[in-house]
Every structure is written in structure tokens, then in C-alpha cells.
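[1] I'll drop the sequence and a predicted model, then ask my questions.
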Amino acid sequence: MARTALPRIQNFIDGQFVEPISGRYLDNIEPATGKPYSQVADSDAHDVDLAVVAAEKALADWAKKPAAERSKIILRIADLIERDLEKFARAESIDTGKPISLARSLDIPRAVANFRFFATAILHTESEAHITDNVAFNYTLRQPRGIAGLISPWNLPLYLLSWKIAPAIAVGNTAIAKPSELTPMTAFMLCEIAREAGLPNGVLNVVQGTGPKVGAAITAHPKVNTISFTGGTVTGRKVAETCAPLFKKVSLELGGKNPNIIFADADLDAAITGSVRSSFANQGQVCLCGSRLFVERPAYKEFVERFIDETSQLKMGDPLEEKTEQGAIVNKTQLEKVKFYVELAKKEGGKTTLGGVEPQPPNERCRDGYFFPPTIITGLPVSCRTNREEIFGPVVTITPFDREEEVINYANDCDYGLASSVWTQNLSRAHRVAERINTGTVWVNCWLLRDLRVPFGGMKQSGVGREGGEEALRFFTEPKNVCIAK
Ligand code: TXE
């Protein structure tokens with residue numbers, strides 16, 4: 001049966017919206033309904049080639065524009081996203097299944113902040129100088145590297161893509177960005193904003209489509225010499241393998257299996273509320289979510305009871321409803337993965353103390369949507385698969401511990417090292433534990449408190465390199481030493 005034509009998400013190349021060369025499109029599904037609501041360009045290497053030509057053509061002029069001019073245009077992008085915040089928030093909620101309140105309070109404001117932060121950061125840079133005795137004077141020139149390839153995942157679409165686009169273009173590079181094929185809409189909307197803001201053609205190109213076709217073509221293209229990637233560890237490995245022989249500069253932000261440690265001396269009210277958020281925000285689909293909770297034995301019973309109670313009050317529902325706190329899982333594959341791990345946890349001896357089974361759909365519109373309730377599992381050994389592998393959904397485990405040394409070992413006994421949280425009122429312990437946990441970020445008595453100036457990234461299989469503040473400005477520039485003899 002013929003269906004009404006769905007809106008089409010095209011590529012944005014050289015300042016124009018264009019069809020993919022193949023003419024092919026993929027259905028873009030709304031997670032809350034399980035139904036296609038738009039189509040996304042199924043681009044390939046030919047489209048990437050066109051984007052590279054556009055980015056190359058735009059590079060020289062953009063790179064030599066005074067920082068103040070680049071800054072002005074990027075600030076305008078921020079202002080325009082802010083003007084359209086409600087439209088962006090709704091689009092992000094439909095595309096990802098996240099509650100609209102979250103898109104409105106976190107995703108879109110953060111995209112605005114990313115553009116503002118890097119637009120102004122480039123007005124305040126300094127350069128090093130090294131004086132070699134009486135012999136020479138050295139200074140460091142930091143120049144744009146060229147064309148940056150920026151690849152991002154589906155969980156925080158505009159938030160994470162703008163976190164890459166803003167620094168890349170602020171310092172004078174041109175960019176080819178690829179959002180996840182599961183959540184292409186807000187990147188598409190950003191292109192219209194870039195045009196309205198007066199961003200010169202070719203500075204930002206967005207090629208839509210799948211990872212194996214578009215992502216792989218970007219990473220393999222010899223003229224794209226800088227790759228910033230956020231996504232799964234398995235994909236990150238492929239990106240690294242492609243980039244290594246081409247000597248590209250690469251930043252990889254990958255998965256996490258983050259420990260959340262609650263000592264008995266913690267402010268339990270704050271620890272419980274904070275842990276409910278860090279466990280289940282965005283249905284647990286944030287690489288920074290704490291999915292392994294460790295609670296010191298004297299507080300264990302009370303913590304578990306109150307944590308279950310507070311979690312059970314989270315309102316699951318249609319993501320577009322204002323009061324919804326838990327929306328849909330991004331797609332069927334991810335929902336199946338979550339269900340697989342809940343079953344695995346049972347086989348590994350775990351007890352499901354909350355959730356664990358697919359709920360009734362919240363309303364008729366969402367009858368075929370991908371929903372799963374916040375799920376809490378206790379009684380598992382620390383080293384089992386459920387406790388080691390990234391689930392990336394609303395599932396956490398809780399394990400008791402007796403000693404500080406023991407919980408540090410638990411926290412570090414994992415292939416990932418992205419982030420951790422520690423809840424304690426003992427300042428010396430906070431410092432001690434923070435120093436010894438092998439994660440790129442340690443939050444003490446908080447979670448997801450983000451200052452855009454701090455280094456952000458992971459250890460071990462959570463990635464290579466750091467984003468944020470000065471680290472991002474350095475990543476997207478090439479330092480050159482100029483040595484002048486006296
Ligand atoms: O990630 P992918 P997915 C984790 C999480 C999740 C898993 C898979 O565990 O279950 O990753 O999610 C593009 N060359 N995280 O499938 O596949 C792809 O099109 C170049 C953690 O979304 O890694 C998308 O744009 N690019 C994470 C981007 O890579 C390729 C957040 C990420 O997709 C490619 C999301 C290839 N060969 C998921 N294949 C975090 N740490 O923030 C795919 N892509």
C-alpha cells in the first residue's frame with residue numbers, strides 16, 4: 001500500500017541541501033511509536049567526496065578570517081538555536097525517544113552553550129614563548145589542521161555533535177559532520193541555522209547515512225586529517241584501525257561501565273536522588289551513567305530500599321508529555337540488548353528487585369514503541385558479565401562492600417574507565433579515592449556537573465584523547481614552533 005511521502009532529511013554540502021547521489025533514503029523511526037516519521041539520506045563515499053571538495057574550497061578563507069569574525073558567526077548560531085529551542089527540543093525528543101523536558105533542559109541548552117563557549121574561547125587564547133638563553137626566541141603558532149571529520153552517536157545527538165563542530169570550526173578548520181543514522185534530525189535543522197547565521201558555504205557540511213558507508217568513508221578519506229569520534233568501543237576500534245596507517249589525529253570517546261560508590265557516611269538523601277538520576281537519566285543511555293552501584297555495608301539495606309522507592313516513582317510515558325521522566329529506548333536493537341542483559345543477570349544469579357519486564361504502552365500512540373522500565377538488580381558477583389559489559393539502558397546493579405580498598409578494586413576491575421561518582425562526607429577519603437579510581441572523570445557528591453573548560457574523556461577502553469576547553473582547542477590545531485635566532 002502506498003504511504004504518504006515522509007519528510008526527507010538531506011545532506012548539507014557547500015551550503016546547499018542536496019539529495020544523496022544514490023537517491024536512496026532510509027526510514028527514520030520514532031522510538032516512542034516504532035513507526036517511520038521521516039527519511040534520512042542513505043549517503044555513501046561519493047557524497048563524502050563532494051563534502052571534502054566543498055570543505056577544501058572553504059578552508060583557506062575561513063582559516064584566515066580574524067577570530068573575532070568567526071566568533072561572531074558562531075555566536076549567531078548559538079543565538080538562533082536558542083531562539084528555536086522549543087522546536088529543537090521537540091525534534092530531539094521525537095527522534096530519540098527522550099523526554100521532552102530533558103531535551104529542553106539539557107540537550108538543546110548544552111548545544112547552545114557549546115557554540116558560545118568555543119566562540120568566545122578563541123578570543124582569549126595565549127601562545128607559549130620559549131627563550132633559549134641568549135641564542136634564540138621560540139614561539140608556538142597554533143594553526144587549524146584542515147578538514148575535520150566529526151562522527152557522533154544517537155544518545156545526545158545535537159549535544160555531542162555541537163561539542164565537536166563548535167571547537168573544530170571556531171579555530172578555523174572546515175568540517176564534515178555525520179550524526180547517527182538513528183537520530184539525524186537536529187543536525188539537519190542545524191544546517192538551516194548555519195545558513196541563516198551566515199556561516200560561509202563549505203565550512204560545515206553534514207553527510208547523513210550509516211556508519212559503515214558514510215562514517216567509514218570519512219575516516220578513510222586521505223584529505224580528512226582529523227577525526228573526532230564518539231560512539232561504541234567496537235566502532236572506535238575500527239575507526240582507530242582505519243586512521244592509524246594514515247597518521248590521522250584521532251580522538252575517541254567510547255563506552256563506559258561507570259562505578260557509583262556510596263560510602264556509609266554519605267548524605268544519603270543527596271546520594272539516593274543523585275544516583276537515581278545518574279542511573280536512569282535518558283533511560284540510562286548516557287555514556288556517563290553510573291551502572292554499577294557499590295554501597296558500604298552499614299548503609300546498604302537503607303540505600304537499596306530507598307533507591308528502589310525513589311526509582312519506582314519515576315514517571316514513564318510518552319516522551320512528548322511534559323511530566324514524562326522516562327521515555328523510550330532508541331530502537332528495537334537496543335531494546336533487545338537491554339532485555340538480553342536482564343535475562344543474563346538472572347542466569348548469573350541476580351535478583352531483579354525492580355522492573356525487568358516490558359511495561360504496558362503508556363498510551364495508544366505509543367502502542368508499538370520501545371519501552372523498558374528502570375531495572376535494579378542485586379545479588380550479582382562483581383566479576384560477572386552483567387557487571388562488566390556496557391548495557392547502555394535503564395539497568396543497574398547494586399553490590400555491597402566493606403572496605404575502601406575493596407571498593408577501589410571493584411571500581412577498577414573493568415575494561416572501561418570513563419567516569420565515576422563517589423558519595424562521602426569525608427573529604428580526605430574523597431581525595432584518596434578520586435586519586436586511585438581509573439576513570440577520566442571522578443564526580444564527588446554530584447553527577448554530570450559539567451564545566452566546559454575541564455578535560456573530558458576516558459581511560460582504557462573508554463577512549464583516547466580528551467575533549468573540552470583547552471584540550472579541544474589543541475586537538476583541532478597543529479602546534480608549530482617558530483625559532484628565531486638572535
Ligand atoms: O554506536 P556506534 P551505536 C555505545 C553503546 C551502544 C553502542 C552502539 O554501548 O550500545 O555504542 O551504539 C558511526 N566507521 N555507545 O550503534 O555504532 C555511526 O553511524 C565510522 C556509547 O550508535 O559506535 C554513528 O554515527 N563510523 C556512546 C557513530 O559511529 C561508524 C554513545 C556511533 O555509532 C562506523 C552511543 C564505522 N565503521 C553508544 N560504524 C558514548 N560513549 O557516548 C558506525 N559508525
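    Sure thing, it's come through.

[2] run through the bridge partners of the spatially closest residue to S279 that is not a sequence neighbour.
    Nearest residue to S279 in three dimensions, chain neighbours excluded: V396, at 4.5 Å (Cβ to Cβ, 6 or more residues apart in numbering). To be clear about C-beta, it is placed using only N, CA and C from the backbone, and glycine gets the same treatment. Assessed by DSSP bridges, V396 has beta-bridge partners I376.

[3] V396 reaches V295, doesn't it?
    No. V396 sits out of contact with V295 when judged by Cβ atoms under 8 Å, with a separation of 11.5 Å.

[4] what about this structure, any weak spots by pLDDT?
    Residue ranges of the chain with pLDDT under 70: 1-3.

[5] around the ligand, which positions in it sit nearby?
    Taking Cβ under 6 Å from any ligand atom as the contact definition, the chain meets the ligand at 151-155, 178, 180-181, 210-212, 215-216, 219, 230-232, 235, 238-239, 253-255, 287, 390, 392.

[6] change it to 5 Å
    Within reach of the ligand by Cβ under 5 Å from any ligand atom, the chain has these residues: 151, 153-155, 180, 211, 215-216, 230-232, 235, 238, 255, 287, 390, 392.

[7] how long is stretch 223-241 end to end?
    One end of stretch 223-241 sits 17 Å from the other (Cα to Cα, to the nearest Å).

[8] and it, which residues are buried?
    Buried residues in stretch 223-241, counted by 16 or more other Cβ atoms under 10 Å: 224-233, 235-236, 238-240.

[9] A strand includes A430, no?
    No. Applying DSSP: H, G, I helix; E, B strand; the rest coil, one finds A430 to be helix, outside a strand.

[10] just checking, S71 touches I122?
    Yes. Between S71 and I122 there is a contact under Cβ under 8 Å: 5.9 Å.

[11] what's the overlap in contacts for the two?
    Common neighbours of S71 and I122 (criterion: Cβ atoms under 8 Å, 6 or more residues apart in numbering): A170.

[12] excluding its backbone neighbours, what's nearest the most centrally placed residue in the chain?
    Geometric centre of the chain, nearest residue: L160, 4.6 Å, by Cα atoms, centre = their mean. Of all residues not flanking L160 in the chain, S152 sits nearest, at 4.5 Å (Cβ to Cβ, 6+ apart).

[13] now the closest residue to L106 other than its chain neighbours. Its backbone dihedrals?
    Spatial nearest neighbour of L106, excluding adjacent residues (Cβ to Cβ, 6+ apart): Y159 at 7.2 Å. Main-chain dihedrals, Y159, degrees, to the nearest 10: phi -60, psi -50.

[14] can you check A472 too?
    Backbone geometry at A472, expressed as degrees, to the nearest 10, gives phi -70, psi -40.

[15] contacts only, for it.
    Contacts for A472 (Cβ under 8 Å, 6+ apart) come out as 118, 167, 466.

[16] list the contacts for the closest residue to the ligand within the stretch 351-486 of the chain?
    The ligand sits closest to F392 of the stretch 351-486 of the chain, with a gap of 3.9 Å, by Cβ to the nearest ligand atom. Counting by Cβ under 8 Å, 6+ apart, F392 touches 155, 255, 284-285, 287, 334, 337-338.

[17] returning to what we had before: return the subset of the residues of the chain next to the ligand lying in helices.
    Residues of those located in helices (DSSP state H): 216, 235, 238.

[18] tell me which residues touch the last one, please.
    Contact partners of K238, counting by Cβ under 8 Å, 6+ apart, are A216.

[19] now it: how far from K57?
    29 Å (Cβ to Cβ, to the nearest Å).

[20] same thing with C287?
    Distance from C287 to K57, by Cβ to Cβ: 35 Å.

[21] repeat for I329
    Taking Cβ to Cβ as the measure, I329 falls 41 Å from K57.

[22] neighbour-wise, which of the two wins?
    Neighbours per residue, other Cβ atoms under 10 Å: of I329 and K57, the larger number sits with I329, 27 against 14.

[23] a helix runs through that one, doesn't it?
    No. Counting by three-state DSSP, I329 is not part of a helix but coil.

[24] I'd say it and M316 touch.
    No. Between I329 and M316 there is no contact under Cβ under 8 Å: 11.2 Å.

[25] lovely, talk soon.
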